[in-house]
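Undergrad: quick one, what's the 3D model for this:
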Amino acid sequence: MAPPRNVVKIAVQKPDAIPQLIRLDQAKPLAAVVKEVCDAWSLSHSERYALQFADGHRRYITENNRTEIKNGSILCLSTAPDLEAERLLSGLQSGSRERRRETLQHLVLLAPDVTFAQEVISRDGLQRLGTIIEDGDDLGEVLTLTLRAFLELMEHGMVSWETLSIPFIRKVVSYVNMNLMDASVQPLALRLLESVTLSSPALGQLVKSEVPLDRLLVHLQVMNQQLQTKAMALLTALLQGASPTERKVSVVSGGWMGEGAGAGAGSHCAPSWDRRMGVHGGVKSPKPPSHLSQHMLDYLWQRNLRQFIYKNIIHSATPLGDEMAHHLYVLQALTLGLLEPRMRTPLDPYSPEQREQLQALRQAAFESEGESLGAGLSADRRRSLCAREFRKLGFSFVLENSSREDKHECPFARSSIQLTVLLCELLRVGEPCSETAQDFSPMFFGQDQSFHELFCVSIQLLNKTWKEMRATQEDFDKVIQVVREQLARTLALKPSSLELFRTKVNALPYGEVLRLRQTERLHQEGTLAPPILELREKLKPELMGLIRQQRLLRLCEGTLFRKISSRRRQDKLWFCCLSPNHKVLQYGDVEEGASPPTLESLPEQLPVADIKALLTGKDCPHVREKGSGKQNKDLYELAFSVSYDHGEEEAYLNFIAPSKREFHLWTDGLSALLGSPMGSEQTRLDLEQLLTMETKLRLLELENVPIPEQPPPIPPPPTNFNFCYDCSITEP
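TA: You can find the predicted model right below:
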C-alpha cells in the first residue's frame, strides 16, 4: 500500500548518534516532529533544537520551506537558530583570536539562511560585526570573515544600506585605498562599496569622493581576477550613480567616442578630483584639469582604460567571467548612452549652431586639406584619421551615384539619417541598463571612435546592398530592412575588432540574407527534419520529370527570336519549335506582327539526333567575337547555340532569347533532349516550389503531430516463425 501523498520518508542525523529513518507527516506541526526526533534520542527540551538540511548551506527548516523536503532527503538535528545566534554573537566578544575566527567561520556558513539571519540581526549582530570592521585590529583572515558575514546578512534586505554610518564607510574605503592589504579583504570591501553606491545616493557620493579613480585603475591592473571584477563593479556603480554631466564624454571632442578631453560644468563632488589627479599606487597621473568637474569617463579614457580592457581583460588568457561580462556591458551601455541627447535633438533649420555643424560636416567630407577650415572643426581634428576616412566616404558616394541612373541613385542624406537611427536601435542607445545582460561587444573597446567608425562601415554596406538589390527610391524601406538584418546578424557574432566586423558584414550579401531567411523559415516549418528531407529526396525524381515534361511542352509551343545582324540591328524575326514527337527542331523566318506560323509552314528542320552539344554565353559563336560593352554583356546572358553535323563540317543554330526566363526554359528543354541535367536557376526555383507544395500536401494529416528526428527502431525478429495459418485445416 502506497503511503499518503503528504508523508515523506527521510533520514535525520545527529553527531555521535545513530541516524533515524522516519516518515515525516507534512500535515503535522514542525514542533511536534522535532519533539518526536528528540524523544527517540532521549533529548529533553525539544524547543532548543531545530531541523536543518544536511547539505548545501544547512538551511533551517521552517513551516514556510518544509515543502522542499522530498523522499530521501537527509536532515540533521541542530541547535535552534535563536540559541545558535546568541552563542555565536557571544563568541565574537571573546578575547581569544582563535575562538573569534572559528565563530566567524560558523557565522559565514549560516548567514545565507534567512531564518538564522533574522535572529542575528534582531540581536544587533550587524552592529557587532561593524565594530570589528571599524576597529580593524586584525587585517587578515578575521577581517575577511567579518566582511563576508556582514555582506551575507545585508544581502537579505532586512536592513537598508542607508543606515550605515559615515565612519564605517570611510573605514571600508581605507581598506580599498591601502597598498599593503590582504588580497582577500579588498574584493569584499569593493563589493560592499558597490552595494552602498547602488543603494544609497547620499553614501554613494561619499564613496565617490573618497575612492580615487586612480586607485580603481590600479586594482584593475592586478592579476587577481576577483579583485579586477570587483573594481570594475564599483567603477560602473560610480558611473551609474554620477549625473550625466559628471560622466559625460564629449562625443565630438573627446573620450571613448572622440579624441580629446572635454571640460564640463561644476560638480558637487569637486574635492574628490584633487585626490584623483594625484599619484596613487606608484602611477603618475596626467596633469590635473583646470576645472574640478573634469568628466569621469574622459579621465578614464585618458588613462588608457579602454586599451587596457581590450588587451588585458577581454583578450586575457583567463576566460572572462559572467560578472565581468555584465560590468563591461554596463560600461558600454553607459558610454553609448551619452549619445542619447544628440539622438533626441530634432533638426532645426533655423538654428545657427546646427547650420555650422552641417557646414563643418560638408567641409570634412568634400573639401581638400588646403581649403579653409570650417568653424565647427579644429585643424587637429581635420587632420585626424577619422576626418580623412569620412572625406573618402563622401567622395565615394558622390562618384558612385554619379554613374547611376536617377531612379537608382542612393539618397545619401536620407540614408545617413535612417542608418543613424538604425544603429541607435541596434545598440540600444538611451535604453536603461539590464541587471543581468552580458552581451557587450568587444569591438567597442577596440577603438576610440567606435560609433563613428561603425557608421562609416555601415553606410558603405548600405550603398553596397543598394547596388546588389538594384534598388530605386521606392525600395528604400526594403533596403533598410536588409541592412538592419545584416548588421544585427554580424553584431550577434561579437566580432573582436572593427576590421573583423567589416569582413564579416561584407561576407553577408543580399543573396546570402535571402538564403538565411529561407533556411530559418524551413526550420520553423519543420521541413528540415531528417524524415522530411528524406521524403523530399524521394519526391525529387518524380517532380524533375514533371519539370522536364513542362520544358518540352514549352519547346513544342515555340518562341519568336530576333536575328542579330552584323550592325547589331534586331529587325528580323524567326520562329523555332519542337515537333510533337520530340524528334525535330523546326524553324523559319516570320514577318513582324504576323501570328505564329504552323508547324507545316516552317521550311527548316534540324533532327534532334544530329545535335552534338548545347553552348551558352561567351561559348556561342555568334557572340564570341563581340566586344565587352554593356550591350554585349546583356547578349551573353541571353545567347545559346546548338552544334550539329552538316556534312563534313560542324554547323550551329544560334539563338538570342527574348528574356531570361525564355533562356532558362529553352536551355533546360534542349538539355533534356540531349539527356543532360537541367541546371538552370529557374529549374531550381520550380523544383523548390513543387517540393514545398507536395510536402505540405503529404503532411496535411500530420498537423500538430511531432515528427521524430530519428525513425523508430525496427523490432528484433521473433524467436520462431510458427505463426503461419494453415488454410487446409477446416474449422469444426
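Undergrad: what about Asn179, is that helix, strand or coil?
TA: Of the three states, Asn179 takes coil according to DSSP: H, G, I helix; E, B strand; the rest coil.
Undergrad: can you count the residues close to the nearest residue to Gln710 once chain neighbours are set aside?
TA: Spatially, and ignoring its direct neighbours in sequence, Gln710 is nearest to Pro530 (7.0 Å; Cβ to Cβ, 6 or more residues apart in numbering). C-beta: built from backbone N, CA, C; applies to glycine. Using other Cβ atoms under 10 Å, Pro530 is surrounded by 12 other residues.
Undergrad: ok, Gln221 next?
TA: Neighbours of Gln221 using other Cβ under 10 Å come to 16.
Undergrad: so what does it look like in phi/psi?
TA: phi -90, psi 0 (degrees, to the nearest 10).
Undergrad: equivalent analysis for Pro715, please.
TA: phi -70, psi 150.
Undergrad: and it, how many residues sit next to it?
TA: Under the neighbour criterion other Cβ under 10 Å, Pro715 is assigned a count of 6.
Undergrad: then Gly157?
TA: Using other Cβ under 10 Å: Gly157 sits among 9 other residues.
Undergrad: next, work out how far apart it and Lys583 are.
TA: Separation of Gly157 from Lys583 (Cβ to Cβ, to the nearest Å): 90 Å.
Undergrad: next: Ala333.
TA: For Ala333, the distance to Lys583 equals 73 Å [Cβ to Cβ].
Undergrad: equivalent analysis for Phe501, please.
TA: Separation of Phe501 from Lys583 (Cβ to Cβ): 59 Å.
Undergrad: these two - which one has more neighbours?
TA: With neighbours defined as other Cβ under 10 Å, Phe501 and Lys583 compare such that Phe501 has more, 23 against 12.
Undergrad: am I right that the more buried one is in a strand?
TA: No: secondary structure of Phe501 (three-state DSSP): helix, not part of a strand.
Undergrad: contact partners for it?
TA: Neighbouring residues of Phe501 by Cβ atoms under 8 Å, 6 or more residues apart in numbering: 443, 454, 457, 490-491, 495.
Undergrad: which of those residues count as buried?
TA: 443, 454, 457, 490-491, 495 (16 or more other Cβ atoms under 10 Å).
Undergrad: which single one of those residues is nearest to Val176?
TA: Met443 (31.7 Å; Cβ to Cβ).
Undergrad: so which strand or helix has Arg428?
TA: Using DSSP states H and E, no element contains Arg428; it sits outside every helix and strand.
Undergrad: renumber starting at 333 from here on
TA: Happy to do that; since the first residue is 333 now, the last one works out to Arg760.
Undergrad: relative to Met628, how far out is it?
TA: Separation of Arg760 from Met628 (Cβ to Cβ) stands at 21 Å.
Undergrad: surely Leu875 touches Met1025?
TA: No: under the criterion of Cβ atoms under 8 Å, Leu875 makes no contact with Met1025, lying 9.6 Å away.
Undergrad: gap between stretch 812-824 and the chain center?
TA: For stretch 812-824, the separation from the chain centroid amounts to 11 Å (computed by Cα atoms, centre = their mean, to the nearest Å).
Undergrad: give me the average confidence score over it.
TA: Across stretch 812-824, the average pLDDT comes to 94.
Undergrad: with stretch 558-578 instead?
TA: 82.
Undergrad: so which bits of it are buried?
TA: Using 16+ other Cβ under 10 Å as the test for burial, stretch 558-578 gives 558-574, 578.
Undergrad: among those residues, which lie within helices?
TA: Secondary structure from DSSP state H places 558-573, 578 of those in helices.
Undergrad: could you identify the helix or strand that succeeds whatever helix or strand Pro673 lives in?
TA: Using DSSP H and E, Pro673 sits in helix 672-675. The helix or strand immediately downstream of helix 672-675 is helix 684-698, counting by DSSP H and E.
Undergrad: give me the more crowded residue out of Leu875 and Met1025.
TA: Leu875 (18 against 11).
Undergrad: show me the shaky parts of the stretch 533-682 of the chain.
TA: 574-627 (pLDDT under 70).
Undergrad: ok, now with 80
TA: Where the stretch 533-682 of the chain drops to pLDDT under 80, the residues are 573-627, 629-630, 679.
Undergrad: repeat for the stretch 733-882 of the chain
TA: Those would be 733-741, 853-861, if you go by pLDDT under 80 across the stretch 733-882 of the chain.
Undergrad: just the helices in it please.
TA: 744-758, 782-800, 808-824, 830-838, 842-857, 862-889 (DSSP state H, counting those that start in this stretch).
Undergrad: could these go into a markdown table alongside distance to Pro1040?
TA: Below are the helices of the stretch 733-882 of the chain laid out as a markdown table (distance: least, Cβ to Cβ, whole Å):
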| stretch | distance to Pro1040 |
| --- | --- |
| helix 744-758 | 38 |
| helix 782-800 | 40 |
| helix 808-824 | 30 |
| helix 830-838 | 36 |
| helix 842-857 | 16 |
| helix 862-889 | 7 |
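Undergrad: which of the ones you listed is buried the deepest?
TA: Mean neighbour counts were taken over the helices of the stretch 733-882 of the chain using mean count of other Cβ atoms under 10 Å, and the top value, a mean of 20, falls to helix 782-800.
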